[in-house]
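Novice: Build the 3D model from these lines:
(4 chains)
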There are 2 protein chains.
Amino acid sequence: MSEIDETLRAIVEPRRREILQLVLDDELTAGAIASHFDVTRPAISQHLGVLEKCGLVRVRRQGTRRYYRAEPEGLAELREFLRGFWNTSLQQLKMAAEEEQKRADTQS
Amino acid sequence: MSEIDETLRAIVEPRRREILQLVLDDELTAGAIASHFDVTRPAISQHLGVLEKCGLVRVRRQGTRRYYRAEPEGLAELREFLRGFWNTSLQQLKMAAEEEQKRADTQS
DNA sequence: ACGATACGTTAGCATATGCTTACATAAAGT
DNA sequence: ACTTTATGTAAGCATATGCTAACGTATCGT
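Specialist: So this is what the prediction gives:
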């Protein structure tokens, strides 16, 4: 499986998206993150493992705590891939045309 | 499960992304699409069903043929969701700062 | 040293998913 | 009408996945 596939699968899981949102701004410990959900702590730990493995999250160990935060570079790669996906071939032109059509319909 | 979740799951499956790419430009029959892959035709038919159900693809029936093409509106919704996801809270500022940092490092 | 704290890891389970085989449907040609 | 062609549907299987419970592992405070 390609790198990007792994990353895509990571963010598709709703729980992992929620986790990502949590560590987008703040750097939080595993426990703090887990406390936001109604599943067990190990479940969250496993999700964090997945997110870290595909570079969407970074850990900083300090004492017994582990602080997680979103990894901008991983997010950027993902976004870049999706940008490429939309722009493939003539898709862009097609969407532009469709948008034009819709605008025309709305005005009439 | 929310609407967008269903759509996200749909495009995460690599095979479905390939199918989407195929019908991005051209309008193809189910059979024509299936012939591009080494799995059975029913497998592709099921994938098409998933893509149609979440509005990523549209069908036009003509005789016994069914012509599929990408649905720009569905793709637009998905893109919009992702755009919102990136922009959540301070993430944008954070990424901008990171990018600045990287540029500075590269130059030195 | 020793217990407590904050984690990750493993085994196992229930469910979801992509695939195949076999069958159903429906339009077209003869 | 009957066959052919193009396709969807259903049943079943193998594998993947998210979860829990139990256990392992550092690090800190005393």
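Novice: residues contacting the residue of chain A found nearest DNA strand C?
Specialist: Here the residue of chain A nearest DNA strand C is residue A:31; by CB to the nearest atom of the strand that distance is 2.3 Å. (Glycine included, C-beta is placed from N, CA and C.) Contacts of residue A:31 were listed using CB atoms under 8 Å, 6 or more residues apart in numbering or on different chains, and they are A:41, A:65.
Novice: try 10 Å
Specialist: Going by CB atoms under 10 Å, 6 or more residues apart in numbering or on different chains, residue A:31 touches A:41, A:44, A:45, A:64, A:65, A:66.
Novice: how about the strands in chain A?
Specialist: Under the criterion DSSP state E, chain A contains strands at A:28-29, A:57-62, A:65-70.
Novice: what helices or strands is the second one leaning on?
Specialist: Spelled out, that is strand A:57-62. If you count contacts as 3 or more CB pairs under 10 Å, 6 or more residues apart in numbering or on different chains; DSSP states H and E, strand A:57-62 packs onto helix A:14-25, helix A:41-53, strand A:65-70, helix A:72-87.
Novice: Can you flag the weakest of those by average pLDDT?
Specialist: Sorting these by mean pLDDT places helix A:72-87 lowest, at a mean of 88.
Novice: any idea how far that helix is from the chain center?
Specialist: Offset of helix A:72-87 from its chain centre (CA atoms, centre = their mean, to the nearest Å): 10 Å.
Novice: Next, the angle helix A:14-25 makes with it.
Specialist: Orientation check (axes from the mean of the first three to the mean of the last three CA atoms, to 10 degrees): helix A:72-87 against helix A:14-25 gives 120 degrees.
Novice: Mind listing what's buried along helix A:72-87?
Specialist: Buried residues in helix A:72-87, counted by 16 or more other CB atoms under 10 Å in any protein chain shown: A:72, A:74, A:75, A:77, A:78, A:82, A:85.
Novice: Skipping its backbone neighbours, what lies nearest residue A:71 in space?
Specialist: For residue A:71, ignoring the flanking residues on the chain, the nearest one in space by CB to CB, 6 or more residues apart in numbering or on different chains is residue A:58 at 4.6 Å.
Novice: List the residues that contact that neighbour.
Specialist: A:23, A:27, A:51, A:52, A:67, A:68, A:69, A:70, A:71, A:72, A:73, A:74.
Novice: Kindly present the buried residues of helix A:72-87 as CSV, with separate columns for distance to DNA strand D.
Specialist: As requested, those are exported to CSV (distance: CB to the nearest atom of the strand, whole Å):
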residue, distance to DNA strand D
A:72, 23
A:74, 17
A:75, 19
A:77, 19
A:78, 16
A:82, 19
A:85, 20
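Novice: quick one, what contacts the closest residue to residue A:69 other than its chain neighbours?
Specialist: Using CB to CB, 6+ apart and skipping residues adjacent in sequence, the residue nearest residue A:69 is residue A:27, 4.2 Å away. Listed by CB under 10 Å, 6+ apart, the contact set of residue A:27 reads A:58, A:59, A:60, A:67, A:68, A:69, A:70.
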